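Asker: sequence? don't have it. structure:
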């Protein structure tokens, strides 16, 4: 559910010093994938869509 995105992303981004971009991309990824990996980093294998969405440069799009 996209309504779960805000609290899940707030937790996901809680350990970074780049909160604004982290939240922006996390919410975008959550809306698209309907999944946010557990924890503040890593664990992306839990959400294949979140893990496999890349930027134009080929880097990970989702935090």
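Answerer: Structure received. Model, not experiment: these values are computed from the prediction. Residues are numbered from 1 along each chain as shown.
Asker: could you use CA atoms for every contact and neighbour count after this?
Answerer: Fine.
Asker: look at the residue lying farthest from the centre of the chain and report its pLDDT.
Answerer: Using C-alpha atoms, centre = their mean, the residue of the chain lying farthest from its centre is residue 57. It sits 17.7 Å away. As predicted, residue 57 sits at a pLDDT of 96.
Asker: phi first, then psi, for it.
Answerer: phi -80, psi -10 (degrees, to the nearest 10).
Asker: how near is it to residue 24?
Answerer: 18 Å (C-alpha to C-alpha, to the nearest Å).
Asker: again with residue 17
Answerer: 14 Å.
Asker: comparing those two, which residue is more hemmed in?
Answerer: Neighbours were counted for residue 17 and for residue 24 using other C-alpha atoms under 10 Å; residue 24 has more, 14 against 9.
Asker: mind listing what's buried along the helix or strand harbouring the more buried one?
Answerer: Per DSSP states H and E, residue 24 falls inside helix 19-33. Counting neighbours by 16 or more other C-alpha atoms under 10 Å, one finds that the buried residues in helix 19-33 are 22-23, 26-31, 33.
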